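A.B. asks: model this:
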Amino acid sequence: QVQVVESGGGSAQSGASLRLTCSASGSISSIISMGWYRQAPGSERELVADMTDGGKTNYGDSVKGRFTISRDNTKNMAYLQMDSLKPEDTAVYFCNADVVEIGDFGDRYRYVAWGQGTQVTVAS
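C.D. replies: Sure thing, here's the model as predicted:
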């Protein structure tokens, strides 16, 4: 099973920056896309940003112009640079990876793996 781990969360003041890191590991054949989602208390999980292996990006409306997603395909890692943070950015941030895993007999399985999440808290 491919594992996804997030790091880099924490607390920040309004207007500050944070950078989140996501790492995928395991028997990975390829990663089609990696993305960041967030979930605030009492709210549904929402897309923050995602990026295909070809570099195509997609951002949630509330973070456009402030957040930037990037990937290092050679390391199976993704990053989320969060600038001009706002209190409404407070949430648990989850990374996911649309992966193709190599099975024990060389077969391939495609699924979406999720990390456990990292808390981001922005104070006003």
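A.B. asks: give me every residue that touches the spatially closest residue to R66 that is not a sequence neighbour.
C.D. replies: Nearest residue to R66 in three dimensions, chain neighbours excluded: S84, at 4.7 Å (Cβ to Cβ, 6 or more residues apart in numbering). Using the backbone N, CA and C atoms, a C-beta is placed for each residue, glycine as well. Contact analysis of S84 by Cβ atoms under 8 Å, 6 or more residues apart in numbering lists 15, 17, 66.
A.B. asks: need the strands for this structure, in chain order.
C.D. replies: Per DSSP state E, the chain has strands spanning 3-7, 10-13, 18-25, 28-39, 46-52, 57-59, 67-72, 77-82, 91-102, 108-114, 118-123. These are given in chain order.
A.B. asks: Pull the distance from the third one to the chain's centre.
C.D. replies: Its chain's C-alpha centre and that of strand 18-25 lie 7 Å apart, by Cα atoms, centre = their mean, to the nearest Å.
A.B. asks: swap in the fifth one?
C.D. replies: What separates the centre of strand 46-52 from the centre of its chain is 7 Å, taken as Cα atoms, centre = their mean.
A.B. asks: about what we covered before: need the strands of the chain in CSV (columns: mean pLDDT and mean neighbour count).
C.D. replies: Converted to CSV, the strands of the chain look like this (pLDDT from 0 to 100; neighbours: other Cβ atoms under 10 Å):
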stretch, mean pLDDT, mean neighbour count
strand 3-7, 97, 17
strand 10-13, 97, 12
strand 18-25, 98, 19
strand 28-39, 97, 19
strand 46-52, 98, 19
strand 57-59, 98, 15
strand 67-72, 97, 18
strand 77-82, 98, 22
strand 91-102, 97, 21
strand 108-114, 95, 13
strand 118-123, 98, 17
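A.B. asks: For the residue nearest to R66, give me the pLDDT.
C.D. replies: The predicted local distance difference test score for S84 is 98.
A.B. asks: what does the model give the residue lying farthest from the centre of the chain for pLDDT?
C.D. replies: Most distant from the centre of the chain: F105, at 29.9 Å, with distances by Cα atoms, centre = their mean. Confidence at F105, expressed as pLDDT, is 91.
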